[in-house]
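>>> take this sequence and fold it.
(chains A and B)
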Number of protein chains: 2
Amino acid sequence: MLPYKSLIQIDRDAAVTLYIQVCNSFISLITDGTLQPSDLLPSSRILAELIGINRNTVKLAYEELISQGWAESVERKGVFVLSSLPILSKTKIPEIDKNKVPQEAFIWTNKFTTSIPSKNLQKNILTIDDGFPDVRLAPIDQLMREYRSISRKFYGKNFLKYGSSKGSEHLRESICNYLSNTRGLVVSPENILITKGSQMGIYLAAQLLLQPADHIAVGLSNYLCADETFRQAGANLLRIPIDDNGMDIDHLEELLQHKKIKAVYIIPHHHCPTTVTMSMDRRLKLLKLAKEHRFAIIEDDYDFDFHYDNKPYVPLASIDHNQNVIYIGSVTKTFAPALRIGFMAGPPAFIAAAASLRELIDRQGDTVLEEAFALMFDNGEMDRYFRKSLKIYKQRRNVFCELLKKDFSEEITFKIPEGGLAVWSTFDKKIDLIKMSEAALKKGLFIDNGIFYKNESFSTNGLRLGFASLAENEMTAALKILKTIISET
Amino acid sequence: MLPYKSLIQIDRDAAVTLYIQVCNSFISLITDGTLQPSDLLPSSRILAELIGINRNTVKLAYEELISQGWAESVERKGVFVLSSLPILSKTKIPEIDKNKVPQEAFIWTNKFTTSIPSKNLQKNILTIDDGFPDVRLAPIDQLMREYRSISRKFYGKNFLKYGSSKGSEHLRESICNYLSNTRGLVVSPENILITKGSQMGIYLAAQLLLQPADHIAVGLSNYLCADETFRQAGANLLRIPIDDNGMDIDHLEELLQHKKIKAVYIIPHHHCPTTVTMSMDRRLKLLKLAKEHRFAIIEDDYDFDFHYDNKPYVPLASIDHNQNVIYIGSVTKTFAPALRIGFMAGPPAFIAAAASLRELIDRQGDTVLEEAFALMFDNGEMDRYFRKSLKIYKQRRNVFCELLKKDFSEEITFKIPEGGLAVWSTFDKKIDLIKMSEAALKKGLFIDNGIFYKNESFSTNGLRLGFASLAENEMTAALKILKTIISET
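Numbering: from 1, shown residues only, chains lettered A, B, ... in the order given. The predicted structure is shown next:
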């Protein structure tokens, strides 16, 4: 007989009942080959004595083993491991070497070790981020009030069932009103898909528009996650220079003479990373080219709501009469990154196809959250929040740029951004950003090291310095640490 | 001069200020070609008189046009449409024919008009669904209490920032405990990715494992959304028969003699649509084959928590010593479909790759909701809820099956399911399910028409009849309507 006393370990304090513990121990012995098909199990009396538990507990464990198909009871002979189980070789479970990642045994190609450097997720440290909103300003209490009231009301229970892959009908209507009021984009709910943040809009557009080896035009500097998303769809990226007026559309026009382009990706307000706004004449010319060459414009306008010195430009989508534009926006970016609400506006057939793909990806969004946001749009809370935060961010931009100008005139070159939540800052070439970032962390300041903004054709000693999430005293403290580090190195 | 009085429409009741309305009207005239580059705009005095508004409002509108790059002011001559704008041909905006869906102008291939029939989204009608939980039982108030307390506390604001693409560390730990306690699956957080429902797990696994033309083995009858997800990844589906003990693994073994298979997709508790449980000997044999042939097993165990007559079988993942299994589970399915929380457990390198892909899809999940669920696991609320709902669903299954047996003995053949939330019901071939479904809707009952369960090789006159979301009086009412319809047709 096997040394059951040592093989079957029971723990009277565990949450799992004793008989299930015994049952599971036997399953382990069977699956690791210690017990083989047709082996006889000890009688319940003997096992009970051996491991010091009640005989009925053993009986229950055996019944469970039998009902689960591991064992069979033969009358007057006892309980046996099921004879029809495949013979399992006695394999010792490999010891897990903590220093070595265990390898999967199946064959697959790891296509997805992307090169996106991880962003700062340490949350209790002074941070100059990439240009994120200040989550402390978001009217979370009001949102939670709506969220809770929806989920408490009896009718609210309906929101907990499956809903449309396009998103809540109510929120789609609210987004239509918002787009029409803020940027003259007149669309109806059939043009709208609610996404999880703008990233899902980019992903869906990439998957729908691009086949392997297709060309997509993007900025010479560009938002890295968009680049990776297009690459992952198999596309070739064609890099177009970006200057103070956005993408160089004349360059694109030349390229179109000898290349077939499926789509052009732009961030017209405000280009990431350099924060420039695309001028109106270039917007119009891009639309003209799109019409002539029948390519799609992916207009990522996540930053529309933050434009400070004049009204923001109307989006390309609003002045496109030819259904060439897929417009992507974000509520997440203006509210709180963790509450993933964004939208995509486009021709109905395209939106329907995006919804079909989305159904395979994650079925649908969080309908309760979508409904709560719809109510926040309807009751004017979102509008009030946008106005309030715009005012605060403009003030923060001014103070931040003053400080940069005063204290970093030799180290940092920048233009005051017309909008957005970050200042594109080019550091003196003597400053090693990687070392600077490491030294800052030791002094309690997180600041990026610039790797995120580089790509195979764009290399610069630059960083986006996010000002929006820093109150004035925090900015002063952060820049003071930065100044010390730069002077020490 | 253009007939500005009719061209510029203003609405004093609109939310948009007057000068922006005027500005936007001019933008429309420029972009539709009515106004051409270098055209002179009327003087502010004249326009103000023509359309009956204050002259300063017109001046503001012109300033806005200038600052947005549409127009330029020439001293002592007036305001002109910017000369450097591209010349736009005068195009009349096409009238939208309400009966005709407007077509996009860019070239793309619509790969995603999938054939997934839409499920019932009408929510205020008596429904025999596909096997969904009863959202009225879910402890939503407790969840909301956690949700709200997280978001209100100051430290909670940190949850609103960006988080890990793998999901909340806290929830990953809670899921590890839950998997270990309920099904002997011992994993650590590096093995876990939090997904948006089990569908995202299937999507990520498909994208990572399957290249175009790869083979994946699935049931002859199978969950349609999984089939579509594998097809969308470019894979060929190999159909394996399903009998009362789940997938026929001997058949798979034969197939493996002459086909290279990358992955096998199974729903061991309980197969969708037919609700059968895979027997233990087949589970072990499948693991053995996976090891020999180095394929991955995608184990979709969304239904584990609902097994009535004995303890559920341990998952394949729990008895796999070879890292061949990718285990997919759902909290959504057991709680409320709209709150999208699921998980994937697998080898760390695979989970890391899945997180990289997920970063491109939607960046991350809703961290606040993830944290709230983690607290619900920690404080035992989830466990209490699972126990309570299991008891209620078992009772409902028994009553429902009694009713089916009593009133539909001639029309419906079924086996009492050991678990899950639906009864797989084969209807007498004289009954046309499509007509039945249509007739039921007229009498106030939604019931599926069976199309969802069919595929290119599986055709049956069957339906999943979900009992879990129906209280006893609702079941009686629903089946009474069904009986009437069947006898009338």
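>>> any idea of the pLDDT on the nearest residue to A:L256 once chain neighbours are set aside?
Distances taken as CB to CB, 6 or more residues apart in numbering or on different chains put A:H293 closest to A:L256, at 5.4 Å, once the chain neighbours are dropped. In short, each C-beta sits where N, CA and C put it, glycine included. Predicted confidence (pLDDT) for A:H293: 95.
>>> cool, A:G380 as well?
The model reports A:G380 with a pLDDT of 88.
>>> do the same with A:R340
89.
>>> wait, it sits on A:T332?
Yes: between A:R340 and A:T332 there is a contact under CB atoms under 8 Å: 5.5 Å.
>>> identify the contacts common to these two.
Residues touching both A:R340 and A:T332 (CB atoms under 8 Å, 6 or more residues apart in numbering or on different chains): A:G197.
>>> which residue sits closest to the residue nearest to the spatial centre of chain A, ignoring its sequence neighbours?
Centroid-nearest residue in chain A, with CA atoms, centre = their mean: A:Q199, separated by 6.7 Å. Closest residue in space to A:Q199, ignoring its immediate chain neighbours: B:R363 at 4.5 Å, by CB to CB, 6+ apart.
>>> quick one: contacts for A:P86?
By CB under 8 Å, 6+ apart, the contact list for A:P86 reads A:P37, B:D281, B:L284, B:K285, B:K288.
>>> swap that for A:V423, please
Contacts for A:V423 were tallied using CB under 8 Å, 6+ apart; they are A:T275, A:R397, A:F400, A:C401, A:L404, A:F414, A:I416, A:P417, A:R464, A:L465, A:F467.
>>> select only the buried ones of these in ChimeraX?
To isolate the buried members of those in ChimeraX, using 16 or more other CB atoms under 10 Å in any protein chain shown:
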select /A:275,397,400,401,404,414,417,464,465,467
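>>> moving C-terminal from the lowest-mean-pLDDT helix or strand in chain A, which element do we reach first?
In chain A, the helix or strand scored least confidently by mean pLDDT, DSSP states H and E is helix A:140-152, which has a mean of 82. With elements assigned by DSSP states H and E, the helix or strand that comes after helix A:140-152 is helix A:169-183.
>>> distance from the chain centre to that following helix, please.
How far helix A:169-183 lies from its chain's middle: 24 Å, per CA atoms, centre = their mean, to the nearest Å.
>>> and for stretch A:387-401?
That offset, for stretch A:387-401, works out to 26 Å (CA atoms, centre = their mean).
>>> then stretch A:65-77?
That offset, for stretch A:65-77, works out to 50 Å (CA atoms, centre = their mean).
>>> flag every buried residue along it.
Going by neighbour count (16+ other CB under 10 Å), the buried part of stretch A:65-77 is A:L65, A:I66, A:Q68, A:G69, A:W70, A:A71.
>>> equivalent analysis for stretch A:427-443, please.
Within stretch A:427-443, judged by 16+ other CB under 10 Å, the buried ones are A:F427, A:L433, A:M436, A:S437, A:A439, A:A440, A:L441.
>>> any regions of the stretch 51-200 of chain A where pLDDT drops low?
Scanning the stretch 51-200 of chain A for pLDDT under 70 picks out the ranges A:87-103, A:112-115, A:118-123, A:153-156.
>>> could you rerun that using 90?
Judged by pLDDT under 90, the stretch 51-200 of chain A has its weakly predicted residues at A:51, A:63-72, A:75-76, A:82-125, A:135-136, A:138-163, A:180-186.
>>> and for A:I242, the neighbour number?
Residues contacting A:I242 under the criterion other CB atoms under 10 Å in any protein chain shown number 23.
>>> go ahead and confirm it touches A:H271.
Yes: using CB under 8 Å, A:I242 is in contact with A:H271, at 5.8 Å.
>>> looking at it, A:T489 is touching A:E438, isn't it?
No: using CB under 8 Å, A:T489 is not in contact with A:E438; the gap is 10.1 Å.
>>> just the CA trace of stretch A:321-330, in CSV.
Below are the C-alpha coordinates for stretch A:321-330, written out as CSV (Å, rounded to 0.1, in the frame of the first residue of the first chain):
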residue,chain,number,x,y,z
HIS,A,321,-18.9,65.5,-47.7
ASN,A,322,-17.6,62.3,-49.1
GLN,A,323,-17.6,59.8,-46.3
ASN,A,324,-13.9,59.4,-46.3
VAL,A,325,-13.3,60.0,-42.6
ILE,A,326,-13.3,57.6,-39.7
TYR,A,327,-13.5,59.9,-36.6
ILE,A,328,-12.2,58.6,-33.3
GLY,A,329,-12.7,60.4,-30.0
SER,A,330,-12.3,59.7,-26.3
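>>> between the buried residues of stretch A:65-77, which is closest to A:N310?
Relative to A:N310, the closest of these is A:Q68; by CB to CB it sits at 70.9 Å.
>>> quick one: residues contacting that closest one.
Counting by CB under 8 Å, 6+ apart, A:Q68 makes contact with A:C23, A:I27, B:M280, B:N310, B:K311, B:Y313, B:V314.
>>> now the residues you listed: which count as buried?
If we count by 16+ other CB under 10 Å, the contacts of A:Q68 have these buried: A:C23, A:I27, B:M280, B:K311, B:Y313, B:V314.
>>> where does the last one fall, helix, sheet strand or coil?
Under the three-state scheme (DSSP: H, G, I helix; E, B strand; the rest coil), B:V314 adopts coil.
>>> gap between the closest residue in space to it that isn't next to it in sequence and B:L390?
Sequence neighbours aside, B:G184 is the residue nearest to B:V314 in space, at 5.2 Å (criterion: CB to CB, 6+ apart). In this structure, B:G184 and B:L390 are 18 Å apart, going by CB to CB, to the nearest Å.
>>> of these two, who's got more company?
B:G184 (20 against 16).
>>> my read: that one touches B:P312, true?
No: taking contacts as CB under 8 Å, B:G184 lies outside contact range of B:P312: 10.8 Å.
>>> how is chain A divided into domains?
A:4-81, A:126-132+A:384-488, A:155-382 (automatic domain parsing).
>>> immediately after the host helix or strand of A:A372, which helix or strand?
Under the criterion DSSP H and E, the helix or strand holding A:A372 is helix A:367-378. Once helix A:367-378 ends, the next helix or strand along the chain (criterion: DSSP H and E) is helix A:381-407.
>>> buried sites along that following helix?
Within helix A:381-407, the residues that count as buried by 16+ other CB under 10 Å are A:381-382, A:385-386, A:389-390, A:393-394, A:396-397, A:399-401, A:403-404, A:407.
>>> stretch A:223-239 now?
The neighbour-count check on stretch A:223-239 (16+ other CB under 10 Å) flags A:223-233, A:235, A:237-239 as buried.
>>> tell me the one of these nearest chain B?
Nearest to chain B out of these is A:T229 (CB to the nearest CB; 4.7 Å).
>>> tell me the residues on the stretch 151-300 of chain A that lie near chain B, please.
Residues of the stretch 151-300 of chain A lying close to chain B (CB under 8 Å from any CB of the partner chain) are A:151-152, A:157-164, A:181, A:184, A:195-197, A:199-200, A:203, A:207-209, A:211, A:225, A:228-229, A:232, A:262-263, A:279-281, A:284-285, A:288, A:290-291, A:294-296.
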